[in-house]
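Engineer: Quick check, what structure comes out for this input:
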Amino acid sequence: GPILISGSQAPIRRVQSIVPDVDFHQFAKPLIEYICAHQEIPLSGNQVKFIRHYFGMSLREFANFFNVKHQSVMRWEGKKQSAARIDVNTEIVMRIKILKNLKVKQSIISLAVDRVDHIKEFESSGGYRNFTPLRVSGIAVSA
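Structural biologist: A predicted model of the protein is given here:
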């Protein structure tokens, strides 16, 4: 089911007592950590884009960081809410590098490595037909 985050848990400050000022990086980091370390299905195109934007990278910078062509990143992101269809080994390397850049504990990084079998099983079982990305409070995390 969806992960629910209430307003009291979100890093929000009140500005002028009406409009909340949301710290995107503080809010996004735990979501990206969850996506990379715990999500047992492949990344969606929107999740790839969400992660790239979190790190403030252009398509080329992101591609160079993962040693792929920027056209690959464009193709992945173009999948939107569908699975990005990243090569399984490339996706695991991506997840590990992302988690290392978030400076998470080694035990969390190890969880990402454990996802390789789940992702391979997902692909071989035809799971792409029923792909549903992680959602938070009715809003796609991958958006």
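Engineer: Just the buried positions in stretch 84-101, please.
Structural biologist: With burial defined by 16 or more other CB atoms under 10 Å, the residues of stretch 84-101 counted as buried are 84-86, 88, 91-99. In short, each C-beta sits where N, CA and C put it, glycine included.
Engineer: Can you tell me which of these is nearest Glu121?
Structural biologist: Set against Glu121, the nearest of those by CB to CB is Val88 (10.2 Å).
Engineer: Just list the residues touching the closest one, thanks.
Structural biologist: Neighbour list for Val88: Val116, Ile119, Lys120, Glu123 [criterion: CB atoms under 8 Å, 6 or more residues apart in numbering].
Engineer: what's the neighbour count on His53?
Structural biologist: Around His53 sit 12 other residues, with neighbours defined as other CB atoms under 10 Å.
Engineer: Tell me the confidence at Pro140?
Structural biologist: Check again: residue 140 is Ala, not Pro. Here the pLDDT value assigned to Ala140 is 47.
Engineer: and what of Leu59?
Structural biologist: 95.
Engineer: need the contact list for the residue nearest to it when sequence neighbours are not counted.
Structural biologist: Nearest residue to Leu59 in three dimensions, chain neighbours excluded: His70, at 4.5 Å (CB to CB, 6 or more residues apart in numbering). Counting by CB under 8 Å, 6+ apart, His70 touches Leu59, Arg60, Phe62, Ala63.
Engineer: Go again with 10 Å.
Structural biologist: Contacts for His70 (CB atoms under 10 Å, 6 or more residues apart in numbering) come out as Ser58, Leu59, Arg60, Glu61, Phe62, Ala63, Asn64.
Engineer: so how far is Gln26 from it?
Structural biologist: Distance, His70 to Gln26, using CB to CB, to the nearest Å: 29 Å.
Engineer: Next, Gln39: secondary structure please.
Structural biologist: Secondary structure for Gln39, judged by DSSP: H, G, I helix; E, B strand; the rest coil, is coil.
Engineer: Fine by me, we can end here.
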